[in-house]
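Q: With the sequence up front, the predicted model follows.
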Amino acid sequence: FTENDITFQITDDTKVEAVYENVGTYTIYVRVNVNNNYSSVAAVSATVKINARAINMKTLTSINFPSTLTYIGEQAFRQTGMSELTIPANVKVIDEGAFRDMANLTTVTVKGNVAFDNYAFRSCPNLTSIYLLGDDVTFTGSQFATHSDNGDATGITIYVKNATVAARVYAAQTSAYGYEVKVLGDATDGSDATEVAQVKNDTQFDTAIANGASTVVLGSGNYIIPDSAQGKTLTIVGNGDTVVANQNDGSYEGCDYSLDGATVTFEGVTINTDGHTYAGYARCSATYNNCTINGSYTLYGESVFNNCTFNVTGDYYNIWTWGAKNVKFNDCTFNTDGKSILVYNQTCDVYVDGCTFNDRTNGAGFTKSAFETGVDGVGPKYKIYINDTTVNGFAENDKCVGYKNIVGNKNSMTNEYLNIVIDGVDVY
């Protein structure tokens, strides 16, 4: 229907009214028809959509979106005259080109986790700032935000909640150039936001960190952590096709010193080791989110793994705790040929929650349990807490403690030095 020269497309059982307020200013109100009784959206729980090409009017300069809005259709507001936009938190989908070619648009705030299709803010020549406040915003396609069709985005700053969304923005800005991506701090205006560097090779990686970047997004390809990362606090983000090779620095242990003294968060990165016993990052404290670790990996500092996958073949453990005093595994999957985690050397607390351990040999490979504890001499003390964890395969042997094939006490440590709690039960 048409009101005040605006044409609307509406969903079933929904009435949309356009109310003229001032010259060139319109406010859209949505009312929902429930059993032929129109009620305000504040009183009715409903899903409201603005469908494709619903509003195409250059004189439309402001809109108050209803809080129940969940979908904005393809080119719904193309070429409208608004200078600022605030997208409510309930909006889940913004379709292709919904706000493209808006000549006056300068600032956009998106409050929730939206799935953006192609060209959401393409060719908006005065656009300067986009605030993406959701922690799981996603994108499809290219040229999310530009000043022109040729990809010029010079002067546009896109503020995001975390490094994962930053990586997604870079992926969604295919063929765009000149823009910045920053991770928001405490200030809502972005004044304390941290710039995110995008790199595509090892030289750019080294330069970005040497120049002070604390968040680095790695494109597809293979990388080695540069020595310029030593002692830094960093977030390193991959895109699912990003591989970081752990290198042998030639030390006695053969570990990698490129993160010596650093505190690092890895996001969406695959880490490949050469499989030798001490492969890992020396004296590095790290959090790993949604990562894949291929090969045996040794820990030299406090480590947290969230939703990670570990793959190893042959006579190797997935993990040696070695130099770590505190290790946590949450919702992780371990794939192995019969031995998975060795708690060894350094006094250590290990927490395992919601994990799955898979032995490809079904216990026939090395006749070991999923976990093993080991010690040379007397001294280290281990506390192991295991909850809601599935163990497939692995062997039950005379070194197992408590429950069948879960933990093996291979050096017969006394309970003065070893404490094992499984699903809240103190088994040793």
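A: Thanks, I have the structure now.
Q: The residue minimising distance to the centre of the chain sits in which helix or strand?
A: In the chain, the residue lying closest to the centroid (C-alpha atoms, centre = their mean) is Thr164, at 3.9 Å. Assessed by DSSP states H and E, Thr164 sits inside helix 163-172.
Q: any idea of the mean pLDDT for the helix or strand following that helix?
A: Using DSSP H and E, the helix or strand that follows helix 163-172 towards the C-terminus is strand 180-183. Averaging pLDDT along strand 180-183 yields 95.
Q: and if you look at stretch 399-416?
A: The model assigns stretch 399-416 a mean pLDDT of 82.
Q: Can you list the buried residues in that stretch?
A: Lys399, Cys400, Val401, Gly402, Tyr403, Asn405, Ile406, Val407, Gly408, Asn409, Lys410, Met413 (16 or more other C-beta atoms under 10 Å). Every C-beta, even on glycine, is put in place using the N, C-alpha and C of the backbone.
Q: from the residues you listed, which is closest to Asn113?
A: Asn113 lies nearest to Ile406 out of the buried residues of stretch 399-416, by C-beta to C-beta, at 37.3 Å.
Q: would you list every one of the helices in this structure?
A: Assigned by DSSP state H, the chain shows helices spanning 163-172, 202-210.
Q: ok, back up a step: what sits against the residue nearest to the centre of the chain?
A: Asp136, Val237, Glu267, Gly268, Asn289 (C-beta atoms under 8 Å, 6 or more residues apart in numbering).
Q: close enough to count as contact, the third one and Gly238?
A: Going back to what we said before, that points to Glu267. Yes: in this structure, Glu267 is within contact of Gly238 by C-beta atoms under 8 Å, at 6.8 Å.
Q: shared neighbours of those two, which are they?
A: Ala167.
Q: re earlier: please tabulate the helices of the chain in a markdown table, including the columns mean pLDDT and distance to Lys111.
A: Below are the helices of the chain laid out as a markdown table (pLDDT from 0 to 100; distance: least, C-beta to C-beta, whole Å):
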| stretch | mean pLDDT | distance to Lys111 |
| --- | --- | --- |
| helix 163-172 | 93 | 14 |
| helix 202-210 | 96 | 31 |
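Q: ok, now how distant is Glu253 from Arg283?
A: Distance, Glu253 to Arg283, by C-beta to C-beta, to the nearest Å: 11 Å.
Q: between those two, who's got more neighbours?
A: Higher neighbour count among Glu253 and Arg283: Glu253, with 18 against 15, using other C-beta atoms under 10 Å.
Q: Nearest residue to the more buried one in space, please, no chain neighbours.
A: Once flanking residues are discounted, Glu253 sits nearest to Tyr278: 3.9 Å by C-beta to C-beta, 6 or more residues apart in numbering.
Q: Thr298 is in contact with the one you found, correct?
A: Yes: assessed by C-beta under 8 Å, Tyr278 is found in contact with Thr298 at 5.1 Å.
Q: so what's in contact with those two at the same time?
A: Common neighbours of Tyr278 and Thr298 (C-beta under 8 Å, 6+ apart) are Cys255, Trp320, Trp322.
Q: what sits against the closest residue to the first one other than its chain neighbours?
A: Counting by C-beta to C-beta, 6+ apart, Ala282 is the residue found nearest to Cys255 once chain neighbours are left out, at 4.6 Å. By C-beta under 8 Å, 6+ apart, the residues touching Ala282 are Asp249, Ser251, Glu253, Cys255, Asp256, Tyr257, Leu259, Asp260, Tyr300, Gly323.
Q: Check the gap between Ala282 and Thr298 for me.
A: In terms of C-beta to C-beta, Ala282 sits 9 Å off from Thr298.
Q: same check, this time on Ser214
A: Applying C-beta to C-beta, the value for Ser214 to Thr298 is 26 Å.
Q: in the sheet, who's paired with Thr233?
A: Thr263 (DSSP bridges).
Q: What is the neighbour count of it?
A: Thr233: 12 surrounding residues under other C-beta under 10 Å.
Q: pretty sure it is in contact with Leu259, am I right?
A: No: if you go by C-beta under 8 Å, Thr233 and Leu259 don't touch, sitting 10.9 Å apart.
Q: so how far is Val169 from the residue nearest to Glu180 when sequence neighbours are not counted?
A: In space, and not counting its chain neighbours, Glu180 is closest to Thr157: 4.7 Å by C-beta to C-beta, 6+ apart. As judged by C-beta to C-beta, Thr157 and Val169 stand 11 Å apart.
Q: For these two, indicate the residue with more neighbours.
A: Val169 (24 against 18).
Q: Help me confirm that the more buried one comes into contact with Tyr159.
A: No: applying C-beta under 8 Å as the test, Val169 and Tyr159 come out as separate, 9.8 Å apart.
Q: Find residues that contact each of those two.
A: By C-beta under 8 Å, 6+ apart, the residues touching both Val169 and Tyr159 are Leu132, Val181.
Q: re earlier: which of the shared contacts of Tyr278 and Thr298 tops the neighbour count?
A: For the shared contacts of Tyr278 and Thr298, the largest number of neighbours (other C-beta under 10 Å) sits with Cys255, at 27 neighbours.
Q: and that residue, what does it touch?
A: Counting by C-beta under 8 Å, 6+ apart, Cys255 makes contact with Asn248, Asp249, Tyr278, Ala279, Gly280, Tyr281, Ala282, Thr298, Tyr300.
Q: got it, and Asn246?
A: Asp256, Ile271, Asn272, Thr273, Asp274, Ala279, Gly280, Tyr281, Gly295, Tyr297.
Q: neighbours around the fourth one, how many?
A: Thr273 is flanked by 22 other residues according to other C-beta under 10 Å.
Q: Report pLDDT for it.
A: As summarised for this prediction, Thr273 has a pLDDT of 92.
Q: Phi first, then psi, for it.
A: Dihedral pair for Thr273: phi -110, psi 170, per degrees, to the nearest 10.
Q: Pull the contacting residues for it.
A: Residues in contact with Thr273, defined by C-beta under 8 Å, 6+ apart, are Asn246, Ala279, Gly280, Ile293, Asn294, Gly295, Ser296, Tyr297.
Q: Which members of those define the maximum pairwise distance?
A: Maximum pairwise distance in those, criterion C-beta to C-beta, is 13.0 Å, between Gly280 and Asn294.
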